[in-house]
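Peer 1: Provide a 3D model corresponding to the input given below.
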Amino acid sequence: MKKVVLIILFLAILIPLGWTLFYKYEGGVPGVNVALPSLYLKKSYEMSIEVDDRGTGLRKVVVSIMQKGNEKVLLEKEYAPSSVLSFFSDKRVNEDSFIIPVESRKYGMSDGEAIIRVMVSDYSWREWNSGNIFYEERKVVIDTKPPQINVLSRQHNIERGGSGLVIYRLFEENVESGVMVGDTFFPGHSGMFENKDVYAAFFALNHTQGPGSQIFVTARDLAGNTAKRGFHHYIRDKNFKNDTLNISDRFLEFKMPDFDLDEIEDTLVGSQNPLLKKFLYINGELRNKNVTTVLNVPKNTVGKLLWKGKFGRLPGSATRSSWADRRVYKYKGKEIDRAVHLGIDLASTANAKVGAANGGRVIMAEDEGIFGKTVIIDHGFGLASLYSHLNEIIVNKGDELAKGDIIGTTGLTGLAGGDHLHFSMIVHSVFVNPVEWWDAAWIKNNVISKIESVKSSLIK
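Peer 2: The predicted model follows:
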């Protein structure tokens, strides 16, 4: 009996002791997740860290930043020690998380590389009771200086609805730059000159922007530092025509069946004039949707001039509608809608062959709502030409074209009431007046001369 009692006492001591030693000498390193929002320390920089230890629990967390011997502790937290039987208690801390602001300017640190250090330990008895330790160093870059911008082009004359070109130089890499016109950003691109630090940006005023519009070059580096640089410019005002379009029942009966509005069609059933109501939906909501789609296409551009000389127009054509006409739509003498026509309608013979206005590559060739069968050609640096209401498209997305290459034939697809070509020019995301791009003198004075002048100055 004594022997049995001794064995029981021995096991009662040995098993807990063995379990305690096994538990306290666990070798699992604390889990740590460090999230740095960027390699570059921005002005409002915050790093996040999540720590956990499912074994003996967290002992200490230390986060610091160091540069050239100057170390600043950003976070230091110690946790209460756990007891020998802490595995069976709820007193130990197994996880924690922090949001840590990093304000390098306040620490007396200069621009350049720095190191963020993270150390997390637990309450394991390993390493002479130092515990299991997680240690990691992350390289970061302190950058507090905004990018430098030097505007190289000199004369910038632009009119309401017109285009412009500015050429400038940057002095660091990986900088997002371009021109701000009001709230619209026109990205700049390298590639026009041998010097990769020289950028060119085509920009534009839309039909609502005239004298007084704010225009400047802007640049933002990876650290979030921004710079703005104004440049001399002169804005000419321009008036646009008013036009009245009478919508007849014959037109509605002819065109409305071309548009399948899916479930929208069900809402028109039973209305007093379903065809007119359908037209108003197409001329309003669908138009806005299609315009947004079309103006997103020129983002697919290259930093290379793919065109040369003035842009061509449909041969032998007559102008049927001017650019930026203020259109009033009337039905039976009553105004029913308004819109702005942001292209030029050119009419020739039915199914006339349509050539590319200049060299470029096809970035869209498909049917697009009110525009009908449409082709968009990228001419480089965000400049694009649009051809719509085509009866036939004979090119494909990705095709490279020379000036005059046939892309299709005129037609009356989309919301066209008669056979014609709707021609538009686009600068990045803004429709601009095509008349400028048909004018060799305008191109020479506002584009070519600037490029040649900057090239000459870079050689000196």
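Peer 1: Do you know the pLDDT at the residue nearest to the spatial centre of the chain?
Peer 2: Note on the chain: the residue nearest the mean C-alpha position is Lys299, at 8.8 Å, using CA atoms, centre = their mean. Looking at Lys299, its pLDDT stands at 95.
Peer 1: Tell me both backbone torsions, phi and psi, for it.
Peer 2: Torsion angles at Lys299 (phi, psi; degrees, to the nearest 10) stand at phi -60, psi -20.
Peer 1: what's the domain layout of the chain?
Peer 2: Annotated domains of the chain cover 28-142, 149-238+453-459, 242-428 [automatic domain parsing].
Peer 1: Lowest mean pLDDT across those domains, which one is that?
Peer 2: domain 28-142 - the lowest mean pLDDT of the domains of the chain, at a mean of 86.
Peer 1: gap between it and the chain center?
Peer 2: Relative to the centre of its chain, domain 28-142 is centred 35 Å away, using CA atoms, centre = their mean, to the nearest Å.
Peer 1: Kindly report the same for stretch 222-242.
Peer 2: On CA atoms, centre = their mean, the centre of stretch 222-242 falls 19 Å from that of its chain.
Peer 1: Can you tell me how far the residue nearest to the centre of the chain is from Ser429?
Peer 2: 7 Å (CB to CB, to the nearest Å). Quick note: C-beta positions are derived from backbone N, CA and C, even for glycine.
Peer 1: Show me the beta-bridge partners of the closest residue to Met66 other than its chain neighbours.
Peer 2: Leaving out its chain neighbours, the residue that sits closest to Met66 by CB to CB, 6 or more residues apart in numbering is Ile115, at 4.9 Å. Under the criterion DSSP bridges, Ile115 forms beta bridges with Met66, Lys139.
Peer 1: what's the burial count for Ile115?
Peer 2: When neighbours are counted by other CB atoms under 10 Å, Ile115 registers 13.
Peer 1: My read is that it contacts Lys68, right?
Peer 2: No - the pair Ile115 / Lys68 is not scored as a contact, 10.1 Å apart, by CB atoms under 8 Å.
Peer 1: in what helix or strand does Thr292 lie?
Peer 2: helix 287-296 (DSSP states H and E).
Peer 1: How far does that helix sit from its chain's centre?
Peer 2: Chain-centre distance of helix 287-296: 16 Å, with CA atoms, centre = their mean.
Peer 1: Give the partner strands of the helix or strand encompassing Ile49 in its sheet and their orientations.
Peer 2: According to DSSP H and E, Ile49 maps onto strand 45-52. Strand 45-52 has the following sheet partners, assigned by DSSP bridges: strand 31-35 (antiparallel), strand 95-102 (antiparallel).
Peer 1: circling back: so how far is Ser64 from the residue nearest to Met66?
Peer 2: According to CB to CB, Ile115 and Ser64 sit 9 Å apart.
Peer 1: returning to what we had before: give the buried residues for the helix holding Thr292.
Peer 2: With burial defined by 16 or more other CB atoms under 10 Å, the residues of helix 287-296 counted as buried are Arg287, Asn290, Val291, Val294, Leu295.
Peer 1: of those residues, closest to Ala219?
Peer 2: Nearest to Ala219 out of the buried residues of helix 287-296 is Leu295 (CB to CB; 24.0 Å).
Peer 1: Could you report the pLDDT at the residue nearest to that closest one when sequence neighbours are not counted?
Peer 2: Distance criterion CB to CB, 6+ apart; nearest residue to Leu295, sequence neighbours excluded, is Ser429 at 4.6 Å. At Ser429, the model reports a pLDDT of 96.
Peer 1: immediately after the helix holding Thr292, which helix or strand?
Peer 2: By DSSP H and E, the next helix or strand past helix 287-296 is strand 318-321.
Peer 1: If you count contacts, what does that following strand end up packed against?
Peer 2: strand 344-347 (3 or more CB pairs under 8 Å, 6 or more residues apart in numbering; DSSP states H and E).
Peer 1: which is the next helix or strand following the strand it packs on?
Peer 2: Defined by DSSP H and E, the subsequent element after strand 344-347 is strand 353-355.
Peer 1: Flag every buried residue along that next one.
Peer 2: Within strand 353-355, the residues scored as buried using 16+ other CB under 10 Å are Lys353, Val354, Gly355.
Peer 1: got those residues as a markdown table, with distance to Leu342 columns?
Peer 2: Converted to a markdown table, these look like this (distance: CB to CB, whole Å):
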| residue | distance to Leu342 |
| --- | --- |
| Lys353 | 24 |
| Val354 | 19 |
| Gly355 | 22 |
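Peer 1: Just the C-alphas of stretch 269-285, formatted as CSV.
Peer 2: Extracted C-alpha coordinates of stretch 269-285, given in CSV (Å, rounded to 0.1, in the frame of the first residue of the first chain):
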residue,chain,number,x,y,z
VAL,A,269,-44.4,50.7,-70.9
GLY,A,270,-47.7,52.5,-70.3
SER,A,271,-46.3,56.0,-70.3
GLN,A,272,-48.1,58.7,-72.4
ASN,A,273,-45.3,58.8,-74.9
PRO,A,274,-42.9,55.9,-74.4
LEU,A,275,-40.6,56.7,-77.4
LEU,A,276,-40.1,60.3,-76.2
LYS,A,277,-39.4,59.2,-72.7
LYS,A,278,-36.9,56.7,-74.0
PHE,A,279,-35.2,59.4,-76.0
LEU,A,280,-34.9,61.6,-72.9
TYR,A,281,-33.3,58.7,-71.0
ILE,A,282,-30.9,58.0,-73.8
ASN,A,283,-30.0,61.7,-74.3
GLY,A,284,-29.5,62.2,-70.6
GLU,A,285,-28.4,59.2,-68.4
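Peer 1: All set now, cheers.
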